[in-house]
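Asks: Okay, here's the prediction I keep looking at, along with the sequence it came from:
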Amino acid sequence: AQYVRSCFDFRQHVNLSENQWLVFREFLGVGVPYGNSKDLPFERSFYGGGTSSLRGWNYRGVGPGGYVPNELDIEKIGDLQLEANFEYRFPIYNIFNGAFFIDAGNIWTYLPNDALPNGEFKFNKFYKQIAIDAGVGLRLDLKFLVVRLDLARALRNPYQNANGHYWRFEYGENYENSWRLVAGIGYPF
């Protein structure tokens with residue numbers, strides 16, 4: 001496979017007071033296939049969703065672009081990724097800490113793909129195809145190990161629903177599968 005791939009991962013921790021932090025993360029990943037390749041190799045592709053990404057979405061469950069998923073989709077991958085995360089971390093009691101967070105982002109393909117319509121990156125559309133989730137987390141901080149549980153809800157789809165809207169709560173739509181409980185070891189970023 002012939003491709004060029006690069007990532008930019010910026011993280012900032014702002015100490016508000018003892019054990020209270022605002023944490024920001026911005027991620028940009030770009031992969032460009034060339035020569036004998038039309039796509040990045042599967043294991044080098046980008047994905048959105050999961051325990052350290054868009055936590056309100058299943059692992060590899062977001063995108064690409066404005067592609068509308070169906071039941072046959074197993075995994076979705078892309079050549080470009082744009083993601084931003086915000087987390088407020090605070091102490092609860094003793095070794096228990098909490099967090100409130102918001103995640104936003106998506107993946108896109110570099111070239112059009114018939115199997116993933118509306119999945120390619122376009123400057124005039126990408127900002128409309130950003131998925132958003134929010135949630136709350138509980139962390140068990142043992143100093144040498146952090147075990148975390150995050151409860152997140154997907155708030156905005158990267159594609160339009162049947163009513164032409166992106167937000168999941170518009171017009172009383174019932175999204176019972178919008179909540180995700182994810183477990184992880186260590187902080188998400």
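Replies: Nice, I can see it.

Asks: Number of residues surrounding Phe86?
Replies: 15 (other C-beta atoms under 10 Å). From N, CA and C alone the C-beta is placed, and that goes for glycine too.

Asks: just Asp9 next, same as before
Replies: Neighbours of Asp9 (other C-beta under 10 Å): 11.

Asks: That one against Arg25, yeah?
Replies: Yes - using C-beta atoms under 8 Å, Asp9 is in contact with Arg25, at 7.2 Å.

Asks: Return, as residue ranges, the portions of this structure with sub-threshold pLDDT.
Replies: Scanning the chain for pLDDT under 70 picks out 74, 170-177.

Asks: which residue is nearest the centroid of it?
Replies: Leu54 (2.6 Å; C-alpha atoms, centre = their mean).

Asks: Not counting sequence-adjacent ones, nearest residue to it?
Replies: Asp103 (4.7 Å; C-beta to C-beta, 6 or more residues apart in numbering).

Asks: how about stretch 181-189: buried residues?
Replies: Residues Val182, Gly184, Tyr187, Pro188, Phe189 are the ones in stretch 181-189 that count as buried (16 or more other C-beta atoms under 10 Å).

Asks: if we take these, which one ends up nearest to Ala84?
Replies: Phe189 (10.5 Å; C-beta to C-beta).

Asks: what is the residue nearest to that closest one when sequence neighbours are not counted paired to in the beta sheet?
Replies: Distances taken as C-beta to C-beta, 6+ apart place Arg25 nearest to Phe189, at 4.2 Å, with adjacent residues excluded. Taking DSSP bridges as the rule, Arg25 bridges to Arg11, Asn85.

Asks: what's the burial count for Asn85?
Replies: Neighbour tally, Asn85, other C-beta under 10 Å: 22.

Asks: wait, doesn't it sit right on Leu22?
Replies: No - in this structure, Asn85 is not within contact of Leu22 by C-beta under 8 Å, at 11.4 Å.

Asks: how close does the closest residue to Tyr110 other than its chain neighbours sit to Ser45?
Replies: What sits nearest to Tyr110 in space, not counting adjacent residues and going by C-beta to C-beta, 6+ apart, is Asp79, at 3.9 Å. Applying C-beta to C-beta, to the nearest Å, the value for Asp79 to Ser45 is 7 Å.
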